[in-house]
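following is a predicted model, sequence given first.
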Amino acid sequence: MRGKTWKGRLAVFAVLVLVLAVMAGCSGRSGGSGGSGGSPSSPAASPPPASSQAPAGGGETGQTARPFEGRSITFVIANHPWGEAIKPLLPEFEEATGMTVNVDSFFEDQLTQKLTVQFASGSSTPDVFMYRPLQEGKLFFKNGWLEALDGYVSGSTDYDFADFSKAAVGSTTVDGKLTGIPIITEQEILYYRKDVLAEKGIPVPKTLTELVDAARQLHDPANEFYGFVARGQLSPLVTQVSSFIYSEGGDFITDGKASINTPEALRGMSIYAELLREYGPPGVLNMSWPQAIGVFAQGKVAFYTDASSIYQNATDPEKSNIPDKVGFAMFPAGSAGSRPYNVTSWGLAINAKSQNKDAAWALIEWATSKEIVLKTQKMGNPGARVSVWNNPESTSSYPPELVEVIRESTKGGVDHDRPTVISVGEAREVVGEIVQRMITGASETEIQTIADEANKKLQEIIDRDAQR
Amino acid sequence: MPYSWFDRNIKWIYTLPAVLFVVVMMVFPILYTVRISFFEWSMSAASPPVWVGLKNYQELFADSRFWNAVLRTFYFTFAALLLEVVLGVAIAALFFRRFRGKDAAKTVLMLPMVATPVAMGLVWLLIYEPTIGAANRVLKSLGLQPLSWLADKHQVIPSLILVDVWEWTPLIALIVMAGMTTLPEEPYESAEVDGASAWQKFVSITLPLLRPTIIIAAMLRLIDVLKTFDIIYATTQGGPGHASETLNIYGYVLAFSHFKLGMASALLVIFFAVVMAFTVLMIWLRNRLGESS
Amino acid sequence: MRKKHAFHYFAVGLICVVLLLFSFPFLWMLSASFKTQAQIMGNTGLIFFEPTFRNYVNVFKEHNFLKYIINSFVVAAGATVFSLLLGLPAAYAIARYHMQRLGMVILIARIIPGITFLIPWFILFSMAGMVDTYAALILSHMLVVLPFIVWIMIAYFEALPREIEESGLIDGCTVNRVFLHIVLPISGPGITTSSLLSFIFSWNNFMFSIILAGDRTKTLPIAVFNFLSYSEINWGGLMAAACIITLPVLAISLMTQRYVVSGLSAGAVKG
């Protein structure tokens, strides 16, 4: 019996090879629709079905008699502490709704690759997935891969969507449409060495100028101690230089025009580059966060700026030599004040081709309900719900100082940490190039030419977006 | 002739299953990729691919990043391949003797290939880390200047070549060792009578007899070095700047970071042609050398 | 004679140095797998440190590693065996009848950059309902492995002394019989080496597995990524997992080599 189905599959496969080969060879539609024929659905035209049949995540679940009995959906998550937190809670949800949730998890690059291949082939799976709104959200949505969620949200009575922080929702909104529900938020903060600062009598820097001064005073390369560290790799650095740019009054794009060659933007970038060039450890050009926080956690650096979400790498005694010597501070103010990014780093979305959209929404509704967000946040996953943040229980496991910094950062935070274009990957390389050239010590006039050139490239990317 | 139909057509019966399998698996991907290379497409479900003719190719040929990737790929490939072949043959020669624990030694030699490339990439990342890594620690203990390794645009390719040589030299060594088992006894016996030294025997008997095997090992390796991906992606992702971006990395970036499938396909088609050309060259070389000997 | 002995010991000494050099990063990894993250980053010595076994415990407790090992084994063994079935006769015919053009066609499979296959194969296999099956993984890995086996064996068969086969043909054997009963039995070393290397290629294949495997058929290289996450790299766990992954291959390598040397073709093997 088994052998037969196996052979059958192979036969189908062989026939498919021939058919598709002929199709690809002749004209007709591209393989993009998976050869399934039929016109692809346009994203704007897919109206969200009323989700009222879905049980609300909160208390209602118990009363409705397992509305999704026998259904099963696929749920793809990133390797992320949030995934680890949600997995053990899923059986409860399956029990209440009767559906089976098949979970699969991947590292972020592979997640993007896998999702891209599946969507490009017109696959109806996965139904629900984690995605990075600022990195891929715009492209995924424009490509018609994401279901717009506005209708689902407004159709859900107990959900209280207004409870989500504005900046977080801003990160997942494309062209006025809600493309995903925020699950993880993060801000750029300043990590510092409490003991070193106290010993030298240096106060915690409140401004970028003070930060540069303090880094200079503490920089002691002869003894393998460095003033400052942060990401220096081409693309990874862009998100972390963003707060420097904002705090000097610049942005990647201003009023729809590329603005990475403005004095404000360049000032922000050059402070970041100066810190890394003059007071950084060797080898910053190949550092993303794992190397950067690795050097910091080894106790070799005084200051470090990066996302709040990775703090455990510095405070966990298993991972760090300085677990109780780490201080957290608000991102230092530049000439335009302290304006760190405050973004949604991960969201949940529904595949526009999913055949189980109602069940998919039920899962998202449950996973982002107040009750579950409280649980996941308690386990170290900073969420996007204001009411949960106001509940002291939700942050009981965080260092109190960090909670204060996060709360402060969310007030004036900027809702993006990279250029908000469709081709984010391309745009990040353009920005990263300027900063890397600054780190390797290009002169000021050189930098202006490089930046003008980069600005032109970014503008081309923006213009191309407008045509889509 | 007593031979049956089966025996008369044995050469086709032996080869066709393999050839058919390969063709069936390849035909759709090849046609798909060649086709998409004439289109502009972000893989969108909302808007179909747009026919642009040769534009993707023209843009690539005008793109300095592409040409740099081509040159870098060649530099990386030839340096790594040369070292791997020389060292691989040398190691095989060293192993061409009886000694206790030879099986175990061969197995140890396999370690670099067996360990998952991604994990080994991360291991090398830490070894090369300038502040906390082992590489600089070794240099310092020898009284040498520490290096930046992967973080310097001039040092990054040599550093990666070192990783590739470490990982794949054993492949050549093992293939050559297998080839050594086919060597006939007689030439060695007569050379022994003539009083030839071990080195003379190696140069005048072993090497010429092994040449076809060595060339095939080099050819298989050449194809794979040109396509090196894992270790570069796991350690530098093509950086700093684009200083370690090879053709395969650039193709991956175009497809899965820039989401330009048309452009990526054009690159893949060109890339295929390049690898193909080198492979044909190797086979031609092998036949020429085969005739002369 | 004494000089010869001295040279032998010198060579064996050199072999030891070579082995040490090539296994150093691996030893580093082995040592790291017994360290905490702080120790790994701190570059504590290779041998003298306070070891922890927690990484290994975690690998088996938190992840279903045994399942991944079985999946990887089935796929790698399947791909290797089927490739041998298709590849050995092909290689023999190509070597004997100088059909290098056909050899080239097979080689194209390895020349094509892997990315080329991802989307088309996903379309194909998902339409055939074969995503997340062993069959899909084996078929895709065979494309990597088959050209490799074929070309190594072409070189091997060409190098075999022709007299052995000719004596068989004179005795009235068919080519088929010569291949099965004379050539294959003396090709042990070539077959072992190419199969082992093929097994390793399949065992470590990441690019095709990530697209075609699913929850049921997830293989080891994909599972290794469980130790990398958005805000945390579990270095210790990763090193432990990477060490565990190598063990089955090493065991297979030792076993096959012993078998080949002692059994199948003891007479023909030299050195």
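Thanks, I have it. Residues are numbered from 1 along each chain as shown, chains lettered A, B, ... in the order given.

need the residues of chain C near chain A, please.
When proximity is defined as C-beta under 8 Å from any C-beta of the partner chain, chain C approaches chain A at C:36-38, C:41-42, C:118-120, C:122-130, C:133, C:135, C:210-211, C:214-215, C:218, C:222, C:225-226, C:228-233. The way it works is simple: take the backbone N, C-alpha and C, and place the C-beta from them, glycine included.

which ones among the residues you listed map onto helices?
Counting by DSSP state H, the part of the residues of chain C next to chain A found in helices is C:37-38, C:41-42, C:118-120, C:122-127, C:135, C:210-211, C:222.

check those one by one and keep those near chain B.
Answer for those near chain B (C-beta under 8 Å from any C-beta): C:Met41, C:Gly42, C:Ile119, C:Pro120, C:Leu124.

and the second one, how many neighbours does it have?
Meaning C:Gly42. 17 (other C-beta atoms under 10 Å in any protein chain shown).

pretty sure it sits against B:Gly133.
No. The pair C:Gly42 / B:Gly133 is not scored as a contact, 11.2 Å apart, by C-beta atoms under 8 Å.

quickly list the domain ranges of chain A.
A:72-185+A:344-400, A:187-342+A:420-466 (automatic domain parsing).

continuing past the longest strand along chain A, what's the next helix or strand?
Of all the segments of type strand in chain A, defined by DSSP state E, the longest one is strand A:181-193. Sequence order places helix A:194-200 as the next helix or strand after strand A:181-193, per DSSP states H and E.

quick one: buried residues of that following helix?
Neighbour-count burial for helix A:194-200, counted by 16 or more other C-beta atoms under 10 Å in any protein chain shown, picks out A:Val196, A:Leu197.

please report the distance of whichever residue of the stretch 51-200 of chain B sits closest to chain C from B:Arg72.
Closest residue of the stretch 51-200 of chain B to chain C, C-beta to the nearest C-beta: B:Ala119 (3.5 Å). Counting by C-beta to C-beta, to the nearest Å, the gap from B:Ala119 to B:Arg72 is 25 Å.

again, but for C:Leu228
On the measure of C-beta to C-beta, C:Leu228 and B:Arg72 end up 26 Å apart.

again with A:Asp452
27 Å.

okay, those two: which has more neighbours?
B:Arg72 (21 against 11).

and the closest residue to B:Lys55 other than its chain neighbours, how many neighbours?
Distances taken as C-beta to C-beta, 6 or more residues apart in numbering or on different chains put B:Glu40 closest to B:Lys55, at 7.2 Å, once the chain neighbours are dropped. The number of residues packed near B:Glu40 is 17, by other C-beta under 10 Å.

surely B:Glu40 meets B:Leu54?
No. Using C-beta under 8 Å, B:Glu40 is not in contact with B:Leu54; the gap is 11.8 Å.

shaky segments in chain C?
Scanning chain C for pLDDT under 70 picks out the ranges C:1-4, C:43, C:259-271.

check which helix or strand the residue nearest the centre of it maps to.
Residue closest to the mean C-alpha point of chain C, counted by C-alpha atoms, centre = their mean, is C:Ile200 at 1.6 Å. Assigned by DSSP H and E, C:Ile200 falls within helix C:188-204.

hmm, that helix in reach of chain B?
Yes. For helix C:188-204, a contact with chain B is found by C-beta under 8 Å from any C-beta, at C:Pro189, C:Gly190, C:Thr192, C:Thr193, C:Ser194, C:Leu196, C:Leu197, C:Ile200, C:Trp203, C:Asn204.

which ones are touching A:Gly256?
A:Ile462 (C-beta atoms under 8 Å, 6 or more residues apart in numbering or on different chains).

run the chain-centre distance for stretch B:16-36.
On the basis of C-alpha atoms, centre = their mean, to the nearest Å, stretch B:16-36 sits 22 Å off its chain's mean C-alpha point.

what residues of that stretch count as buried?
B:16, B:18-19, B:21-23, B:25-36.

can you tell me the average pLDDT over that stretch?
For stretch B:16-36, mean pLDDT rounds to 93.

got it, and stretch A:118-125?
89.

check which helix or strand covers the closest residue to B:Pro17 other than its chain neighbours.
With sequence-adjacent residues excluded and distances taken as C-beta to C-beta, 6+ apart, B:Pro17 is closest to C:Leu86, at 5.1 Å. According to DSSP H and E, C:Leu86 maps onto helix C:65-97.

of the residues of helix C:188-204 next to chain B, which is the most crowded?
C:Ser194 leads the residues of helix C:188-204 next to chain B on contacts (other C-beta under 10 Å) with 29 neighbours.

nearest spatial neighbour of that residue, skipping sequence neighbours?
Nearest to C:Ser194 is C:Ile152, by C-beta to C-beta, 6+ apart, at 4.2 Å.

next: C:Ser229.
A:Asn79 (3.7 Å).

and C:Val175, how many neighbours?
23.

what about it, distance to C:Ala135?
Distance from C:Val175 to C:Ala135, by C-beta to C-beta: 32 Å.

how many other residues sit next to the nearest residue to A:Thr368 once chain neighbours are set aside?
Spatial nearest neighbour of A:Thr368, chain neighbours left out: A:Ile181 (4.8 Å); criterion: C-beta to C-beta, 6+ apart. For A:Ile181, the count of nearby residues is 26 (other C-beta under 10 Å).

can you check the one 4 residues further on too?
Other residues lying near A:Thr185 total 29 when counted by other C-beta under 10 Å.

show me what it is bridged to.
Judged by DSSP bridges, the bridge partners of A:Thr185 are A:Thr344.

quick check: the residue nearest to C:Ser194 touching B:Ile175?
Yes. Applying C-beta under 8 Å, one finds C:Ile152 in contact with B:Ile175, separated by 6.0 Å.

shared neighbours, these two?
Joint contacts of C:Ile152 and B:Ile175 (C-beta under 8 Å, 6+ apart) are B:Ile216, B:Ala217, B:Leu220, C:Thr193, C:Leu197.

between those residues, which is nearest chain A?
The closest of the shared contacts of C:Ile152 and B:Ile175, once distances to chain A are taken by C-beta to the nearest C-beta, is C:Leu197, at 25.5 Å.

which pLDDT does the model give the residue nearest in space to the middle of chain A?
Nearest residue to the geometric centre of chain A (C-alpha atoms, centre = their mean): A:Ser345, 2.4 Å. Turning to A:Ser345, the model gives it a pLDDT of 92.

next up, the contacts around it.
A:Arg132, A:Leu134, A:Ile184, A:Thr185, A:Glu186, A:Ala307, A:Ser309, C:Tyr230 are the contacts of A:Ser345 under C-beta under 8 Å, 6+ apart.

most neighbours, which of those?
A:Thr185 (29 neighbours).

next one: that one from A:Pro382, what distance?
From A:Thr185 to A:Pro382 the distance is 5 Å (C-beta to C-beta).

how about B:Ala45?
B:Ala45 is 33 Å from A:Pro382, by C-beta to C-beta.

quick one, which of those two is more surrounded?
When B:Ala45 and A:Pro382 are compared for neighbours, A:Pro382 comes out ahead with 24 against 21, by other C-beta under 10 Å.

do I have it right that that one meets A:Glu186?
Yes. Counting by C-beta under 8 Å, A:Pro382 does reach A:Glu186; the two are 6.6 Å apart.

would you confirm that B:Asn287 belongs to a helix?
Yes. Secondary structure of B:Asn287 (DSSP: H, G, I helix; E, B strand; the rest coil): part of a helix.

how many other residues sit next to the nearest residue to it once chain neighbours are set aside?
By the measure of C-beta to C-beta, 6+ apart, the closest residue to B:Asn287 outside its immediate chain neighbours is C:Gln100, 7.6 Å from it. Other residues lying near C:Gln100 total 16 when counted by other C-beta under 10 Å.

if we can go back for a sec, list the residues that contact both of A:Pro382 and A:Glu186?
Common neighbours of A:Pro382 and A:Glu186, using C-beta under 8 Å, 6+ apart, are A:Ser308, A:Ser309.
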